[in-house]
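Chemist: got a sequence here, can you build the structure:
(one chain, ligands or ions: 1)
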Amino acid sequence: MASPFIIIDPGHGGFDPGAVSGGVQEKDITLKVSKQLQGLLQQAGFRVLLTRETDQALGPNVPADLNKRVAVCNSNKPDFILSVHVNAGGGTGAEIYVYDDGGSIRPLAQKMVENVSTLVGYHGKPVKSSTETPQGGLAMVDNTHAPAALIELFFIDSSDRQKAMASIDLFAEQMAQALCEFYNLPYPNRQTQTTLAPQAPYDHARVLAQGVANRGLISDPDLWEKVLKGQIQPDRQWIQVLFENIVKKV
Ligand SMILES: [Zn+2]
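Modeler: Modelled structure (predicted):
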């Protein structure tokens, strides 16, 4: 079987920041997560194309930008298109949009949003039709020929934000796992990443992370346990929150 060919579309870019809140811009998150997802999928054996690889729009205004993204998808004939977005409007949780009932990729969409919901929960019904958006349709889902889904990872303007930014590197992993499962490819092992930091003994990492959480300096001991064990790399923002909390407490 030929390698599955996936197009990942990092929402917004350039003049269009997408949703903005608390100093965080949707376009930066979608690009970061999309690139991480691309890396994981390529390791797993997928062919992957991004509609943008830098902070740029594909047209001078939003309709032209979307038309170009759709054209890129339709000329490359992928097996699946994933448009990555971050929500706004005051809710919480993840949701995914598909064309009509999703057809052949419905189980993939379902699994993907289920995995992402382990980080931030769901926003209402997990899998929705593109007609259920406030604008009644989504160019990336409706106008593309290949099966497509648009995922809203979390709400940038709600209590989701801090939680999501603290585990931002996990979104791509959750989506990659769903894609590997659906296309029957092994999820890549993260050996190269785990060797970046020395492995602390399991109990030691747990005790340390829990101890720091008990002092109110971090909110997610599970996450920091993974950092201590070298399983994930800390985001600069987590370190900043940790330092801010230390300064507040002493
Ligand atoms: Zn968006």
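
Chemist: mind giving me the packing neighbours of the longest helix seen in the chain?
Modeler: Ordering each helix of the chain by length in residues (DSSP state H) puts helix 26-44 first. Based on contacts counted as 3 or more Cβ pairs under 8 Å, 6 or more residues apart in numbering; DSSP states H and E, the elements that helix 26-44 packs against are strand 5-10, strand 47-50, strand 80-87, helix 169-182. C-betas here are computed from N, CA, C, even on glycine.

Chemist: hmm, the third one in reach of the ion?
Modeler: What that stands for is strand 80-87. Yes: judged by Cβ under 5 Å from the ion, strand 80-87 comes into contact with the ion through His85.

Chemist: partner strands of that strand and their direction?
Modeler: strand 5-10 (parallel), strand 148-155 (parallel) (DSSP bridges).

Chemist: highest mean neighbour count out of those?
Modeler: Mean neighbour counts were compared across those using mean count of other Cβ atoms under 10 Å; the top stretch is strand 148-155, at a mean of 26.

Chemist: tell me the angle of that one relative to helix 169-182?
Modeler: Compare the direction of strand 148-155 with that of helix 169-182 by axes from the mean of the first three to the mean of the last three Cα atoms, to 10 degrees and you get 150 degrees.

Chemist: residue of the protein closest to the ion, please.
Modeler: Taking Cβ to the ion, the ion has its nearest neighbour within the chain at His85, 3.5 Å off.

Chemist: could you give the bridge partners of that residue?
Modeler: Where His85 sits in a bridge, its partners, by DSSP bridges, are Glu152.

Chemist: the strands in the protein, which residues?
Modeler: Defined through DSSP state E, the strands belonging to the chain, from first to last, are 5-10, 20-21, 24-25, 47-50, 80-87, 94-98, 122-129, 148-155.
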